[in-house]
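Enquirer: Need a 3D model of the following:
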Amino acid sequence: MQLTGFKTILKGILLSALLYLGACETAPPVQEMSDARQAIAVAREAGAEERAAFHLKAAEDYLESAQQALNERAYSEARRDAKQAKMKALDALKASESSEKDE
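Expert: The predicted structure is shown next:
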């Protein structure tokens, strides 16, 4: 009877440990940071500083936040902000290209 109780407790501990480890992100978001930097560079080359400054600034702010989170080893937050930086940079690129067509 005691063995069954021990197995139940052991299963609970193992399940808790797996859930805890699954929630932790141990790898830095290297690819996401690189993607964000490249997207910002492309947006700048397309003239986003003049044509889509609002979106470009947002992208740069998200990238800065991602870098700060990365330095603090808050990888989940860094990954999220890097993805947002990339999306804002793509918005800047689209707005810049649209503005260029209108000229």
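Enquirer: going forward, measure contacts and count neighbours with C-alpha atoms only.
Expert: OK.
Enquirer: who does the longest helix along the chain touch, helix- and strand-wise?
Expert: Looking across the chain with DSSP state H, the single longest helix is helix 75-102. For helix 75-102, the packing partners by 3 or more Cα pairs under 8 Å, 6 or more residues apart in numbering; DSSP states H and E come out as helix 30-45, helix 48-51, helix 53-71.
Enquirer: I'd like to know which of the ones you listed is closest to S16.
Expert: helix 53-71 (26.3 Å; Cα to Cα).
Enquirer: who does that closest one touch, helix- and strand-wise?
Expert: Against helix 53-71 (3+ Cα pairs under 8 Å, 6+ apart) you get helix 30-45, helix 75-102.
Enquirer: try it again with 10 Å
Expert: Judged by 3 or more Cα pairs under 10 Å, 6 or more residues apart in numbering; DSSP states H and E, helix 53-71 is in contact with helix 30-45, helix 48-51, helix 75-102.
Enquirer: looking only at pLDDT, what's the mean for the last one?
Expert: Same thing as helix 75-102. Averaged over helix 75-102, pLDDT sits at 93.
Enquirer: Which positions within that helix qualify as buried?
Expert: 75-97 (16 or more other Cα atoms under 10 Å).
Enquirer: what's the answer for the first one, then?
Expert: Buried positions in helix 30-45, judged by neighbour count with 16+ other Cα under 10 Å: 32-33, 35-37, 39-40, 42-44.
Enquirer: ok, now the shortest one?
Expert: The neighbour-count check on helix 48-51 (16+ other Cα under 10 Å) flags 48-49, 51 as buried.
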